[in-house]
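[1] Sharing a model that was predicted from the sequence below.
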Amino acid sequence: QRVLIWNPSDQILSKLKEGAAVEIYGGTIKKDFNGETELHINNENGVKIDLEDVKEVAGKKATRLFEIKNEDSDLTLEGIIENEPDLATTQTGRRYCRVLIRDQETIMPIVFWNEKAVKIKQSARPGMLLRVDGCSARYGLNGLELSVNRWSKVTLR
């Protein structure tokens, strides 16, 4: 289940590590735009993070691009960037950047939005390895594409 902490302090953010035990008291359960349940926290005083038993957590295995289907969510993927990132703006003013990624024989477009789009434009280059944890797939105007959201973790090497 996704948990959203609104306006978190730097202290809370610095404690959030994969593998940490987190206890949450209070909050409000809401549905996101896909109808999935989220827990919204407005007051971080109800969040307790225990780092005592944190161990390095092995990364989730990447899904192969040819296995991805429409409406798949929470995907982890890795691929080589095939093209120079191109930053553009929608008619409504949202910024996006579309790149092609390849894993072995499959090439697929992946779209980054807003701040992530700007960062990809500034730092990604063809030939770099891109890993994304937490993206989704959907049909766009040009067929099946991957979409990176604000909660996705993006790593470039």
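    Received it, and whenever you're ready, just let me know what you need.
[2] May I see the buried residues of the helix or strand hosting Lys153?
    Per DSSP states H and E, Lys153 falls inside strand 143-156. Under the neighbour-count criterion of 16 or more other CB atoms under 10 Å, strand 143-156 has Glu145, Leu146, Ser147, Val148, Ser152, Val154 buried. (Glycine included, C-beta is placed from N, CA and C.)
[3] tell me the contacts of the third one?
    This points to Ser147. Contacts here follow CB atoms under 8 Å, 6 or more residues apart in numbering; on that basis Ser147 touches Ile110, Val111, Trp113, Cys135, Ser136, Ala137, Arg138.
[4] show me the contacts for the residue in the chain sticking out farthest from the centre.
    Most distant from the centre of the chain: Glu52, at 26.8 Å, with distances by CA atoms, centre = their mean. For Glu52, the contacting residues are Ala21, by CB under 8 Å, 6+ apart.
[5] Confirm that it lies within a helix, as I assumed.
    No - Glu52: not assigned to a helix; according to DSSP: H, G, I helix; E, B strand; the rest coil it is coil.
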